[in-house]
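# A structural model of the following input is requested.
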Amino acid sequence: MTSYITLLSKIEQFCNAHLQIKKYGGEFREQMPNFSTKDEKYPVVFVEPVSDLEDLNTNQFSINVYCVDIIQKDRANLNTIVSDCQLILKDMYVYYINDMDAQLDVVGTSTMTPVNNFDSDYVAGWVMSITFEVSTYGACEIPMNPIEPVEVICEPGYVENSDASYAAGVPSGGLLILPDVRLVVYDEDGNVLSDAMYPSVQDQGITVTIPPCADVSYRIADEADNTLYLGNIVSGGSLDQVINNSDVSNSNDSYTASILAQSNLELPDVTFNVNNSVGTQVNTAIVPSVTNQTLVAPDATLHLKKVGNGTIHVEAVPSGVTENYIVADNDITVNQVNPFSIHATDPLNIRLHNQSGSDITPQSVVYQGNANHVTITVNTASFTPVGATLMKTGQTTSYRTGDDGDIEAGRATSFTVLASNNPFGNTNRFTDELGGQNYVKNIVIDWSTYNGSNVLGYKRTATNTTSGGWNNAIDTCLAISIAPFTTGWRLANINEWNNILNRELANPIGYSPFTAFTQTYSSHTSSSYKPVPSIYSWGVNTAGAINVKDKTETSSNLAVRNFTVTGTTLS
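Have a look, this model is predicted:
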């Protein structure tokens with residue numbers, strides 16, 4: 001059994017034996033200043049109890065161990081104190097972790113924390129938190145009179161070593177003396193080098209005297225019996241002899257290699273590359289080393305092409321030979337009249353003039369086949385546009401002569417096909433922002449509204465949808481500015497709604513790219529209020545009829561905004 005006072009006495013024995021520690025004490029921490037300043041002996045080791053963990057057969061005492069030393073007034077020795085005190089506490093940890101005291105075991109790892117001006121302004125050092133596991137005692141060792149009629153029977157103990165090769169019983173309260181250990185040391189031939197008895201549970205250094213052996217000499221030769229290395233190996237020693245590699249190189253040292261001792265070297269093949277004057281490889285060959293090879297440079301083929309990549313002439317030119325070829329003149333024709341010639345590769349500058357003879361700068365020049373298409377901007381300052389033809393309604397079915405389906409009046413080839421190209425070069429009335437019809441951002445551009453600089457865009461879907469439209473009352477939509485759309489979006493007015501109604505269909509907005517609106521509400525509102533009474537707004541029902549709706553009623557709504565068109569960029 002090891003009690004706390006026994007633990008303190010063992011630590012005190014260690015401190016008294018340590019050659020650096022000058023003073024030891026153990027109490028609660030608040031008494032440390034009085035203890036450390038009593039006779040000014042340093043360094044000081046002071047033990048403070050922290051906790052005790054009780055187990056069936058052991059106790060685990062957790063303590064804080066302080067080691068401090070006095071600081072000079074100029075603090076010149078502070079780092080020395082910090083280093084020395086840490087090493088002293090490390091000595092204690094190493095001493096017990098290596099089982100130098102068989103009755104104490106260190107549990108887990110220990111931590112150390114530095115202290116500065118600890119409890120006073122003139123000492124520094126470290127505090128180590130450490131836990132010791134010690135044996136406890138049984139019921140038979142409790143100092144008390146037996147309690148009748150219960151008889152306490154103390155069971156005998158049992159002892160065995162780590163591999164169970166030794167085992168013995170110990171009567172309760174008895175003493176077991178472990179037998180000595182016999183250690184016999186043999187050499188590789190089975191000769192006994194030492195035979196001695198040692199006490200159990202004790203480290204013992206063993207000194208074995210090995211008889212001396214004679215030195216040996218060695219000689220290393222190549223296959224031709226040429227001596228490469230001679231020397232001696234000291235008895236009991238060893239030899240690492242490095243045999244140098246051989247070097248191989250070609251005549252100009254552009255190839256070098258080393259042959260490892262006892263190894264072979266296969267010379268690599270030689271690669272010959274034939275390049276032309278601009279560094280392009282025209283032929284290649286692999287030739288085994290130490291051989292001769294003749295390489296034939298291939299003939300060149302001259303393809304004389306025009307700018308449009310059409311071939312004018314093909315000529316075979318032998319390698320190293322100069323060939324001359326005359327390129328014929330070209331005939332230039334403007335609208336199939338006024339022919340004139342231009343010499344090959346000579347520049348041609350065609351200038352556009354207006355009726356006054358002034359230069360006209362073309363907007364674009366596009367090469368298509370054998371014709372260049374020049375686009376110029378017409379000066380419209382001399383006249384003012386007064387409007388445009390209305391769009392077709394989309395109705396193509398005629399029910400009697402003279403109706404909309406019969407005449408199909410309007411400004412388009414059909415409801416979805418423009419009479420002329422949009423800026424993307426196609427006749428699609430509805431496209432996305434890139435001129436296609438993928439509608440990745442759910443934005444539909446209606447090119448029937450394009451005025452040369454601006455175009456109207458519709459938003460097919462938005463947040464708070466069930467299947468297509470932006471669903472809310474008109475007052476709510478106006479109050480939150482069509483959130484969550486970005487700046488510029490607004491509710492469509494009644495004309496903007498009417499512009500996309502395809503009158504050929506029973507559901508005029510039941511077509512791509514607006515099909516989603518057919519699945520939301522039976523009618524759709526706009527931002528156009530009806531003045532009398534003002535509680536209504538103009539709307540469109542699923543059949544395409546213009547109607548009025550209570551402006552507080554939730555219905556499908558449509559967001560629109562104007563886009564600025566710069567070339568094929570919409571912003």
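# Tell me if residue 297 really is in a helix.
No. Residue 297 is assigned coil when assessed by DSSP: H, G, I helix; E, B strand; the rest coil, not a helix.
# How about it: what's its closest non-neighbour residue?
Of all residues not flanking residue 297 in the chain, residue 319 sits nearest, at 3.9 Å (Cβ to Cβ, 6 or more residues apart in numbering). In short, each C-beta sits where N, CA and C put it, glycine included.
# Same check on residue 129?
Nearest non-adjacent residue to residue 129, counting by Cβ to Cβ, 6+ apart: residue 111, 5.2 Å away.
# so how far is residue 350 from the one you found?
90 Å (Cβ to Cβ, to the nearest Å).
# likewise residue 543?
For residue 543 relative to residue 350 (Cβ to Cβ), the value is 58 Å.
# Over to residue 32?
Distance of residue 32 to residue 350, computed by Cβ to Cβ: 104 Å.
# helix/strand/coil for residue 79?
Counting by three-state DSSP, the backbone at residue 79 sits in helix.
# what do you get for the one 5 residues further on?
Reduced to three states with three-state DSSP, the structure at residue 84 is helix.
# In contact with it, which residues?
For residue 84, the contacting residues are 20, 43, 69, by Cβ atoms under 8 Å, 6 or more residues apart in numbering.
# Any chance of CSV for those, columns secondary structure?
Formatted as CSV, the contacts of residue 84 follow (three-state DSSP):
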residue, secondary structure
20, coil
43, coil
69, strand
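# Mind checking which of these are buried?
43, 69 (16 or more other Cβ atoms under 10 Å).
# So which of the contacts of residue 84 is the closest to residue 103?
Taking Cβ to Cβ as the measure, residue 20 is the one of those closest to residue 103, at 24.5 Å.
# Can you tell me how far the closest one is from residue 86?
Going from residue 20 to residue 86 by Cβ to Cβ gives 12 Å.
# One more: residue 227?
As for residue 227, its distance to residue 86 is 60 Å (criterion: Cβ to Cβ).
# repeat for residue 46
Residue 46 sits 16 Å away from residue 86, going by Cβ to Cβ.
# what residue ranges in the stretch 351-500 of the chain score low on pLDDT?
Residue ranges of the stretch 351-500 of the chain with pLDDT under 70: 354-358, 368-371, 377-387, 461-487.
# Now do the strands in it.
With DSSP state E, counting those that start in this stretch as the criterion, the stretch 351-500 of the chain has strands at 364-368, 371-375, 430-431, 443-446, 454-459, 470-472, 490-491.
# Just send those strands back as JSON lines, with distance to residue 107 and mean neighbour count too.
As requested, the strands of the stretch 351-500 of the chain are exported to JSON lines (distance: least, Cβ to Cβ, whole Å; neighbours: other Cβ atoms under 10 Å):
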{"stretch": "strand 364-368", "distance to residue 107": "87", "mean neighbour count": "10"}
{"stretch": "strand 371-375", "distance to residue 107": "91", "mean neighbour count": "11"}
{"stretch": "strand 430-431", "distance to residue 107": "78", "mean neighbour count": "22"}
{"stretch": "strand 443-446", "distance to residue 107": "71", "mean neighbour count": "21"}
{"stretch": "strand 454-459", "distance to residue 107": "71", "mean neighbour count": "19"}
{"stretch": "strand 470-472", "distance to residue 107": "69", "mean neighbour count": "21"}
{"stretch": "strand 490-491", "distance to residue 107": "75", "mean neighbour count": "18"}
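# closest to residue 396 out of these?
For residue 396, the closest of those is strand 430-431, at 17.5 Å, according to Cβ to Cβ.
# Who does the closest one pair with, and is each partner parallel or antiparallel?
Neighbouring strands of strand 430-431 in its sheet, by DSSP bridges, are strand 443-446 (antiparallel).
# Show me how far the strand it pairs with is from its chain's centre.
For strand 443-446, the separation from the chain centroid amounts to 38 Å (computed by Cα atoms, centre = their mean, to the nearest Å).
# cool, and stretch 546-556?
Here stretch 546-556 is found 52 Å from its chain centre; the criterion is Cα atoms, centre = their mean.
# Repeat that for stretch 496-515.
Offset of stretch 496-515 from its chain centre (Cα atoms, centre = their mean): 48 Å.
# same question, stretch 171-182
Worked out by Cα atoms, centre = their mean, stretch 171-182 lies 64 Å from the chain centre.
# before we move on, what about stretch 295-315?
Offset of stretch 295-315 from its chain centre (Cα atoms, centre = their mean): 50 Å.
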